[in-house]
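**Q** 3D model of this:
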Amino acid sequence: MTNDLKESIDTGPDTIWDVIIVGGGAAGLSAALMLGRARRSVLVIDGGEPRNRFARHMHGVLGHDGTDPHQLLAEGRAEVARYGGRIVSGIVARVSQADGSLVVETAAGDRTRSRALVAATGLRDRLPDIPGLAQRWGRSVLHCPYCHGWEVRDQHFGVLATSALSLHQVQLVRQWSERVTFFENGLGLLDTDTRTRLQSRGIGIVRPAVAEVLGTGDAISAVRTADGLLTPVDAVFTGGVPEPLDHYLSDLDLPRADGLVGSFLAVDSTGRTGHPRIWAVGNLVSPQATVPLAISSGATAGALINFELVTEEFDAAVARPAPVA
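**A** Numbering: from 1, shown residues only. Down below sits the predicted model:
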């Protein structure tokens, strides 16, 4: 396999990969690396839009703290290529079953098959429709304090409420700055006890709906609420609605788990879904997963898939008729 992304799968009709991985982010490449080193034939189909593509640097990744996330993926692709994996660019449109294997179809009309599949396509963050917010996502509008908190420490944070989970977020980010304002955004989230709890650590509270995030370029200068109040801030933490990108699996009717932030594919501790040959990893099933956690989930799934294939191969060998002496 080459490290370059190709536009076509370009395989023969009889080709059956050991594993196809849908998504070439940290989780998908981690699974591919583990499987490649296990001498498995691996195809990665990558749509090229990792969740953290808006950020210039990633943090909290051991050995890669401060690295451009695109650099990490480039290095990962080279490592996967070193062990014979293949990476192509494309969007998977559908996965189905046929003759004991999985059939993968892309939006471009390519078809190929595999014995097992890893879904690693991540999610899309649906942000509130507030002017000035989305264009600063990953720069000065942030979600994860473990990823970005150190870089904005001691600045004035605004926490923009989108759901009851924002009450946990505002308490968490207080660890990185003493200057925090909670924008309740007209949601009516605060009872007397919660208001007292936030104010006990100096968190300011602004109740009206947020109308606009102001600033120049990537920088934020203030938040304007519907009543016209301008509150100076340097960074905004908020949580969008996570939309898992698993539409291509819909024909298989896999079990789902409903959580506080939406519905995700149900998986066990190794990432296996309700289908015995399909695993799901990274942000596709865990919206709170940082890069290290995504890498871990991919590696775990890769190792377990190899073990399952080894077991299957021994079972098949035992079932074959013994050779005639």
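
**Q** Dihedrals phi and psi, Gly48?
**A** Backbone torsions of Gly48, given as degrees, to the nearest 10, read phi 80, psi 20.

**Q** unless I'm mixing things up, it is touching Gly90, no?
**A** No: assessed by C-beta atoms under 8 Å, Gly48 is found out of contact with Gly90, at 9.1 Å. C-betas here are computed from N, CA, C, even on glycine.

**Q** ok, these two, which is more surrounded?
**A** Ranked by neighbour count (other C-beta atoms under 10 Å), Gly48 and Gly90 place Gly90 first, with 21 against 13.

**Q** Could you pull up the residues touching the spatially closest residue to that one that is not a sequence neighbour?
**A** Leaving aside its sequence neighbours, Gly90 sits nearest to Thr106 (C-beta to C-beta, 6 or more residues apart in numbering; 4.4 Å). Going by C-beta atoms under 8 Å, 6 or more residues apart in numbering, Thr106 touches 9, 45, 90-93.

**Q** Tell me the most packed of those, by neighbour count.
**A** Counting neighbours by other C-beta under 10 Å, Ile45 comes out on top of those with 26 neighbours.

**Q** what's the following helix or strand after the top strand by length along the chain?
**A** Identified as the longest strand of the chain according to DSSP state E is strand 111-119. Note on strand 111-119: by DSSP states H and E, the next helix or strand toward the C-terminus is strand 123-126.

**Q** Each with direction, which strands does that following strand pair with?
**A** Partners of strand 123-126 in the sheet, by DSSP bridges, are strand 241-244 (antiparallel).

**Q** so how far is the strand it pairs with off the chain centroid?
**A** Mean-position distance between strand 241-244 and its chain equals 10 Å (C-alpha atoms, centre = their mean, to the nearest Å).

**Q** pLDDT on it, on average?
**A** For strand 241-244, mean pLDDT is 92.

**Q** now the helices for the stretch 1-150 of the chain?
**A** Ranges of helices within the stretch 1-150 of the chain are 26-37, 69-82, 145-148, based on DSSP state H, counting those that start in this stretch.

**Q** so after the last one, what's the next helix or strand?
**A** As assigned by DSSP H and E, the chain's next helix or strand after helix 145-148 is strand 157-160.

**Q** Nice, that's everything, thank you.
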